[in-house]
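> Could you work out the structure for the sequence below:
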Amino acid sequence: MESQTLKAEVRTTSGKGPARQLRMQGLIPAVFYGPGKSPASLTVSPAEVTKLLSGDYGRNQIVTLEFGGAQELAVVRDLEVDPLSRKILHVDFYSVSRERAVKTTVPLLTSGRAAGVAAGGVLRVIYRSLPVIGAPDKIPAKIELDVTSLEMHQSIRTKDLPLPDGVTVAFPPERPIVSVETKEKEIVEEGDVVPGAPAAAGAAAAPAAGGKDAKAPAAKAAAPAKDDKKKK
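The predicted structure follows:
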């Protein structure tokens, strides 16, 4: 993954009043922080941030922040968005290094029509996104599975996932990711929880387990997909 450059200005003011003035000028407040880095208050263009996030990698896109005569590698950790206009109001940038692994989530996509589905089964996509660990420039934009060869009662497990070198999924090797089952059968795999909304593409990166940044917020867990309802 190539980094994208974003120019920023060092901000010396804070508070709601100065923030409103910035937005009237077409800019928004931002912060930069991370392990071994001094926090910096910045000003950035919301249009440029939106452009960065609209790419294939979403929040996992590596950004080269240019400010105060320095260049820092970062990813978007958090966003404040207006609930009505959906305009970006504030951005948190988190420092990353190509030599330090991060934990984040990437979307899971399937392609093809499973043989078991053609035979009357149902494709069950257990996870719509997956927690991955790896160097930030090795994190894939997505993980895509060809399910064409899946027969009835067969599954693709963590150990079967196609991953770039140096990238792992933070699940046990035998955990099912996608399966084909009969319409009447409802499988509850270990680790399934109450179904919720699928995770957004490219959730914000967080340090891998054992990293030095113990104070940074942990990455969100992968969201299980909704199971088919059992026939009554």
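
> quick check: mean pLDDT across stretch 31-41?
Per-residue pLDDT values over stretch 31-41 give a mean of 92.

> Run the chain-centre distance for that stretch.
21 Å (C-alpha atoms, centre = their mean, to the nearest Å).

> what sits up against that stretch?
Applying C-beta atoms under 8 Å, 6 or more residues apart in numbering, the contact partners of stretch 31-41 are 8, 10-12, 14, 29-30, 42, 65, 67-68, 72, 74, 91-96, 100, 207, 211-213, 216. Backbone N, C-alpha and C define where each C-beta goes, glycine included.

> Mark which of these are buried, thanks.
Listed as buried from the contacts of stretch 31-41 are 8, 11, 29-30, 42, 65, 67, 72, 74, 91-96, 100, 207, 213, 216; burial here means 16 or more other C-beta atoms under 10 Å.

> if we can go back for a sec, quick one: which of the contacts of stretch 31-41 sit in helices?
Among these, the subset assigned to helices under DSSP state H is empty.

> Mind checking which of the residues you listed land in strands?
With strands defined by DSSP state E, the entries of those inside them are 10, 29-30, 42, 65, 67, 72, 74, 91-95, 207.

> can I get these in CSV with distance to R20?
Rendered in CSV, the data for the ones in strands among the contacts of stretch 31-41 read as follows (distance: C-beta to C-beta, whole Å):
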residue, distance to R20
V10, 19
P29, 10
A30, 15
L42, 17
L65, 24
F67, 22
E72, 27
A74, 25
V91, 16
D92, 19
F93, 21
Y94, 25
S95, 28
P207, 34
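
> Among these, which one sits closest to A115?
Here the nearest of the ones in strands among the contacts of stretch 31-41 to A115, counting by C-beta to C-beta, is P207; it sits at 41.1 Å.

> Model confidence score at that closest one, please.
Per-residue confidence for P207 comes out at a pLDDT of 54.

> Now do stretch 131-146: distance from first to last residue.
Across its full length, stretch 131-146 reaches 19 Å between end residues, using C-alpha to C-alpha, to the nearest Å.

> For that stretch, which residues meet the burial criterion?
For stretch 131-146, the buried set under the neighbour-count rule, 16+ other C-beta under 10 Å, comprises 131-136, 138-141, 143, 145.
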